[in-house]
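Undergrad: Could you work out the structure for the sequence below:
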Amino acid sequence: SSSSSSSSRSPCALLVWLRPCGGGEWAEDVNWETFDHLAESNRIVILTPVIGKNRCYEKYPGCHEVSRGCWDGYGQLGKDYALQSGKHMKFVGSIIRRFLDAYGE
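TA: The predicted structure is shown next:
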C-alpha cells in the first residue's frame, strides 16, 4: 500500500550508544532481543562504535582503561575528553558524519 511505502521512507531516530567497557553484570541484565526489537519497531538506528584494546600507554602513560578498549571517560587522553575536540569524541563525530552522509536526508 502507499502508506507502507511512505512510512518506509520516514526518518529514523539515531541513538549513539557508547557501551561500557568489559562485560560484567550490565551485559547479562540486558535482553538484547528486546532491545533490538524496540529499536526496530520504533524506527531507531542504534550506532555502537567500539574501540579495541590498544597501546595508548606508549603516548599516554595513565590510559589504563583506554588501553583495555574502554572509552575515555576520565580524561586519560586529555582534558578535553568530554568535548567535541577530545580524541574519542572526534572519532565518534566522524562516524556520525559518515553515517549521516550515507543515510541521512
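Undergrad: Residue 12 versus residue 50, what's the distance?
TA: Look at residue 50 and residue 12: by Cβ to Cβ, to the nearest Å, they are 21 Å apart. Where C-beta positions appear, they are placed from N, C-alpha and C, glycine not excepted.
Undergrad: Compare neighbour counts for these two and give me the winner.
TA: residue 12 (13 against 9; other Cβ atoms under 10 Å).
Undergrad: Give the full set of residues in contact with the more buried one.
TA: Taking Cβ atoms under 8 Å, 6 or more residues apart in numbering, we find residue 12 in contact with 43-45.
Undergrad: Okay, and which of these map to strands?
TA: Judged by DSSP state E, the contacts of residue 12 include 44-45 as members of strands.
Undergrad: Give the buried residues for stretch 84-96.
TA: Using 16 or more other Cβ atoms under 10 Å as the test for burial, stretch 84-96 gives 86-89, 92.
Undergrad: what about the strands in this structure?
TA: Using DSSP E, strands in the chain cover 13-16, 44-47.
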